[in-house]
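> A predicted structure for the sequence below; I have some questions about it.
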Amino acid sequence: MNDEMFRLSLIELMNEDLLNDFVNKIFKYRLKDGEYIYMQYKIVNGNIVLNIYDNGKVNRFKAYIFTNNDIICNGRDIYYINIDKCYNKYKNARTKNKLDLLGALLREQDNDEKRKIINYIDNNGIKNILLKHFTV
């Protein structure tokens, strides 16, 4: 899993004030100017765990867990994303869902294929940061 590449990308997205745009595009948030998130990134048992809390109107807390396993959870604010399934959806052209594409990116090892996945993102600032860290 490309966890270190993802971690470095998140840090730079934050430093370049693009983290809200990234969260809006990938995780389908609707953060506006003046609304911010707190994001915690950690690795637990080989899985990438993103805890996101925003200060918007509903003060959402959600956990996104990128994993190689099928995990079923009944929690409405916990999302398990199987990166192998995301990758298969991407390769079979069954999805252009940004969260699935991120899952595929976390799994992919080939730099040319990573570029193709990243090119589905329409924000050039975000795209350039991901290209910088994922295509080494």
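Yep, it's here. Quantities reported herein were computed from a predicted structural model and do not represent experimental measurements.

> please make it C-alpha for all contacts and neighbour counts, starting now.
Fine.

> now the residue most central in space within the chain: which helix or strand?
For the chain, the residue whose C-alpha lies nearest the mean C-alpha position (CA atoms, centre = their mean) is Leu102; its distance is 4.9 Å. Leu102 is part of helix 98-107, with elements assigned from DSSP states H and E.

> got a list of contacts for that helix?
Contacts of helix 98-107 from elsewhere in the structure, counted by CA atoms under 8 Å, 6 or more residues apart in numbering, are 1-3, 6, 25-27, 66, 81-84, 86-90, 95, 114, 117-118, 120-121.

> residue ranges for the helices of the protein, please.
If you assign secondary structure with DSSP state H, the helices in the chain sit at 3-15, 19-27, 83-91, 98-107, 111-118, 124-134.

> most tightly packed of these?
For the helices of the chain, ranked by mean neighbour count under the definition mean count of other CA atoms under 10 Å, the leader is helix 98-107 at a mean of 23.

> now the angle from that helix to helix 19-27?
Between the axes of helix 98-107 and helix 19-27, defined by axes from the mean of the first three to the mean of the last three CA atoms, to 10 degrees, the angle is 100 degrees.

> now do Asn74, the pLDDT please.
We note a pLDDT of 61 for Asn74 in this prediction.
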